[in-house]
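> here's a sequence, model it:
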Amino acid sequence: MIKLNASVTSKSSVVGRRSLKLLNPPELDSVYEIYIRSLAPSGRSGIRSLLSTCANRLQPSYTADKYPWQCLTYACVSKLRAELLDAGYSVASVNLALAALRGLARVAFNMGYLTADELSRIHAVRRVKGSAARKGRSLEREEVKALLAATKQSSKNCVRARDKALILVSAGAGLRAAELVSLAYDDFDPRTGILRVLHGKGRKQRTIHLARPVQTALKAWLKHHVEKRGPLFTKISRAGQPADQALSKPGLTDIFNRVAAKAEVARFTPHDLRRTFITHLLDAGVDINTVRQLAGHSNIATTAAYDYRSEKAKITASRAFSCW
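Numbering: from 1, shown residues only. The predicted structure is shown next:
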């Protein structure tokens, strides 16, 4: 019999213990965490809030991250559908909640918590039919001009340049608020006038060839960037210099509210400027599929819902028809 050296035996046992540790599986993430990570960052906040509402209705005092979504059933989802409708939630919000619940159910099924039958039953809960109430508005050209004029009232050159660029990029490129605040310094090429949107909804990317006025405003804002890197749109320090922190969505809304008050324009949301971009393109005769691509929509029906052209434009179009 061959006798092993004591030191060799000791080393082998250490290696063996390390191997056993590596074989122990790490603690699994919850169904909720895995589902949320599967979403685009720009869409996570709204889904978290909606799922917290759902969790609280299923089990009072529960939040989305604490509820055992692996126990979802057809009865749970049907109950939520009915309660959200009774509580006055919009068609779009109820259908968004149903889509999120189906997503959670798929994750639970893939993790071995739900059976195929239960998953099928959950998917059988029907979407809500009906037209959703129209939200927001499209700004008139005169309103946009008034907003741009109001940006000149700031005492700081840096603030004037940033706010003007924000309005023009929002109304002239149709970016979502999350896309706008996620832009990096290098996403805009001053030589070509191309803006790259790398963090679009659904992880989709697109490029936009900016109009001359939008390019000019962005170049004027870039002159105030000292570091020439980092986020494209930033907070501004009390000294009137761009800070390192990116502008947030609430910060963007605050800026637009401030400028709207100075311009004596009715309040609007950042998404209203996206509606303005799409409406004005359609009004200019750009075909809807091209507008869809510029807006980053997957479906033309979504783009059509952003069409806020006035009744006057529809009357003019219908009267222009001629078959001879």
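> distance check, the nearest residue to residue 293 once chain neighbours are set aside against residue 175.
If the residues on either side of it in the chain are set aside, residue 293 comes closest to residue 206, at 7.2 Å by Cβ to Cβ, 6 or more residues apart in numbering. Glycine gets a C-beta too; all of them are placed from N, C-alpha and C. Computed with Cβ to Cβ, to the nearest Å, the distance linking residue 206 and residue 175 is 10 Å.
> now the common contact residues for the two.
When contacts are counted by Cβ atoms under 8 Å, 6 or more residues apart in numbering, the set common to residue 206 and residue 175 consists of residue 197.
> on that earlier part again, which residues touch the residue nearest to residue 293?
Residue 206 neighbours (Cβ under 8 Å, 6+ apart): 196, 197, 200, 293, 294, 296.
> need the pLDDT of the fifth one.
This points to residue 294. For residue 294, the pLDDT comes out at 85.
> next one: the first one
pLDDT recorded at residue 196 is 92.
> same deal with the one 5 residues further on?
Among the per-residue scores, residue 201 shows a pLDDT of 71.
> do the one 5 residues further on as well
Residue 206 carries a pLDDT value of 88.
> can you report phi and psi for it?
With angles defined as degrees, to the nearest 10, residue 206 sits at phi -160, psi 160.
> and if you look at residue 207?
Dihedral pair for residue 207: phi -120, psi 140, per degrees, to the nearest 10.
> cool, residue 226 as well?
Phi and psi for residue 226, reported as degrees, to the nearest 10, are phi -80, psi -40.
> show me how the chain divides into domains.
By the record's domain assignment, the chain is partitioned as 31-123, 141-311 (automatic domain parsing).
> identify the residues contacting whichever strand or helix holds residue 81?
Secondary-structure element containing residue 81, defined by DSSP states H and E: helix 74-86. Under the criterion Cβ under 8 Å, 6+ apart, residues 53-54, 57-58, 93-94, 97-98, 101, 105, 118, 121-122, 124-125, 128 lie in contact with helix 74-86.
> what distance separates stretch 189-202 from the centre of its chain?
16 Å (Cα atoms, centre = their mean, to the nearest Å).
> contacting residues around that stretch?
40-43, 169, 173, 175-176, 178-179, 182-184, 187-188, 205-210, 212, 215, 218-219, 222, 296, 298.
> in strands, which of those residues fall?
188, 206, 207, 208, 209 (DSSP state E).
> now, which of those residues sits nearest residue 273?
The nearest member of these to residue 273, counting by Cβ to Cβ, is residue 208 at 14.2 Å.
> surely that closest one and residue 295 touch.
No. With contact defined as Cβ atoms under 8 Å, residue 208 does not reach residue 295; the gap is 9.7 Å.
> could you pull out the helices for the stretch 51-200 of the chain?
Chain-ordered helices for the stretch 51-200 of the chain, with DSSP state H, counting those that start in this stretch as the definition, fall at 74-86, 91-110, 116-123, 141-150, 157-173, 177-182.
> one step back: just the buried residues of the contacts of helix 74-86.
Among these, those classed as buried by 16 or more other Cβ atoms under 10 Å are 53-54, 58, 93-94, 97-98, 101, 105, 118, 121-122, 125, 128.
> find me the pLDDT at residue 20, would you?
If you check residue 20, the pLDDT there is 39.
> tell me how many other residues surround residue 196.
Neighbourhood size, residue 196 [other Cβ atoms under 10 Å]: 15.
> one more: residue 242?
Residue 242 has 23 neighbouring residues, counting by other Cβ under 10 Å.
> ok, the one 5 residues further on next?
Summarising burial for residue 247: neighbours were counted as other Cβ under 10 Å, giving 24.
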